[in-house]
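> From the sequence below, what's the structure:
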Amino acid sequence: MSGPLEGVRVIDLSAVVSGPMAAGMLADQGADVIKIEPPGGDMSRRVGPAKGDISALFMAINRGKRSMVLDLKTDRARNILKKMVMQTDVLVENFRPGTMARLGLDYEQLKEMNPGLVYLSISGFGQDGPYAHARVYDYVIQAASGFADAHGDPASGDPGLLPTLLCDKLTALTASQAICAALLARHRHGQGQKIELSMLDASIAFLWPEAMYNHGFLDEPPAPVPEFGANQKAWKCRDGWFTAMTPQNDEFAALCQGFDRPDLVGDPRFATMEARRRHYRELREILEPIALEKDVNEFVNLLVREGAPVGRVNVRSGLCADPQVRHNATVSRYRMQDLGEVQLPRAAALFGTTPNPDCLQAPHLGQHSRELLRELGMRDDEIDALIESGAAA
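So this is what the prediction gives:
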């Protein structure tokens, strides 16, 4: 047994991050994921440090897949894909709205060949509407979804962009969950279905619970409260940084004990969570000089023993050496084909009876084209002619 999704076949037509990461999570859990790439390959092969045609970004979200090159602008390639769809459980695409229909590969046409197909279509803003045909990347959605405002500078009011592909990745998480839900529905009712998911919708749903809590009540709304996390900032020590969140009174008492200022617990300025919000700057002025005199590891350990929720800020270069990360075996080191030793995080969820496969390999461009064409029953001379025509590679 090679994972909870063993036996599920996925065609991944998507590119860059949102779709490929969603399909990659299915591969991490044992699905047979076939990545169909255009001539030249997925753009993510060229993002960040790379060895040959495999970048670190591509490797992280496409491991465990088989790669096939098809030029879907040609009839021969589209016919090959249609044959593959007949043997497939899931198709993932993130083309701009209307592209799949123009290619003759939209859900309405493919479901005639395979009524059980789960067809996931990811878009930036939606399949229709005023922005539907606009080009989209992560920072566009960070702006449109409210993330840039939520992560802005409270002092200046300037919006802030997180220097990660936040919206792409949370869309991938939403997509992979939706696919599994649709597969369960098919198991129960026997029919596949189309799933439409926009990055905008996924991002707003992800942002909403705490970042929009001042906008939830419409009928006689209560008085607004400070935006969630508006007063949060890291604490600086002599040799590093840590963060703390102490919403409950006993947690705040533990923090004060660790700072050797138990007297602050009885100070009316800090007696409740609401009071601490109002007088946050005064609290920082008292405690910041104390933190600056401490070594971060020793101080964090002390605060943890006292019962305060704190975490040392791990720099990226040292993340894999964190004791809990090492204990959890969160990051695996293994050899990947001709790339040498690599390190990648394992799939986060640990399954008790259907463990995820280990040491998954990222494919070179078109590495499995011939293998997959043979699985369709094509002879070697037919494959040679197809490749010579440019429809496959």
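> Near the closest residue to Gly340 other than its chain neighbours, how many other residues are there?
In this structure, Gly340 finds its nearest non-sequential neighbour in Lys51, 7.8 Å apart by CB to CB, 6 or more residues apart in numbering. For the C-beta atoms, the positions are set from N, CA and C on the backbone; glycine is no exception. Lys51 has 14 neighbours, counted by other CB atoms under 10 Å.
> packing partners for the strand or helix carrying Ala181?
Taking DSSP states H and E as the criterion, the element that holds Ala181 is helix 166-189. For helix 166-189, the packing partners by 3 or more CB pairs under 8 Å, 6 or more residues apart in numbering; DSSP states H and E come out as helix 18-28, strand 90-93, strand 118-123, helix 138-145, strand 193-198, helix 199-211.
> the inter-axis angle of that helix versus helix 138-145?
Going by axes from the mean of the first three to the mean of the last three CA atoms, to 10 degrees, helix 166-189 is angled at 80 degrees with respect to helix 138-145.
> In contact with Leu13, which residues?
Leu13 makes contact with 19, 36, 72, 91-95, according to CB atoms under 8 Å, 6 or more residues apart in numbering.
> Go again with 6 Å.
Neighbouring residues of Leu13 by CB atoms under 6 Å, 6 or more residues apart in numbering: 36, 93.
> For it, grab phi and psi.
phi -90, psi 0 (degrees, to the nearest 10).
> just the one 4 residues further on next, same as before
As for Val17, its main-chain torsions (degrees, to the nearest 10) stand at phi -130, psi -50.
> surely it meets Leu165?
Yes: if you go by CB atoms under 6 Å, Val17 and Leu165 touch, sitting 5.3 Å apart.
> Assess the claim that the residue nearest to Gly340 and Leu339 are in contact.
Yes: because the distance of 5.1 Å satisfies CB under 6 Å, Lys51 is recorded as touching Leu339.
> Now do the same for Ala144: its pLDDT.
We note a pLDDT of 98 for Ala144 in this prediction.
> Need the nearest residue in space to it, chain neighbours excluded.
With CB to CB, 6+ apart as the criterion, Ala144 has its nearest non-adjacent residue at 5.9 Å, and that residue is Leu200.
> Next: Asp153.
Spatial nearest neighbour of Asp153, excluding adjacent residues (CB to CB, 6+ apart): Gly160 at 6.2 Å.
> The one you found looks like it's in a strand, true?
No: Gly160 is assigned coil when assessed by DSSP: H, G, I helix; E, B strand; the rest coil, not a strand.
> That one - how many residues pack around it?
Neighbours of Gly160 under the rule other CB under 10 Å: 15.
> ok, it touching Asp149?
No: look at Gly160 against Asp149 with CB under 6 Å: they stay out of range, at 8.3 Å.
> returning to what we had before: which outside residues touch the helix holding Ala181?
Residues outside helix 166-189 that contact it (CB under 6 Å, 6+ apart) are 17-18, 21-22, 25, 90, 116, 118, 120, 138, 141-142, 192-193, 195, 197, 199, 202-203, 206.
> rerun that using 8 Å as the cut-off
5, 8, 16-26, 61, 89-90, 92, 116, 118, 120, 122, 138, 141-142, 145, 147, 191-193, 195, 197, 199, 202-203, 205-206.
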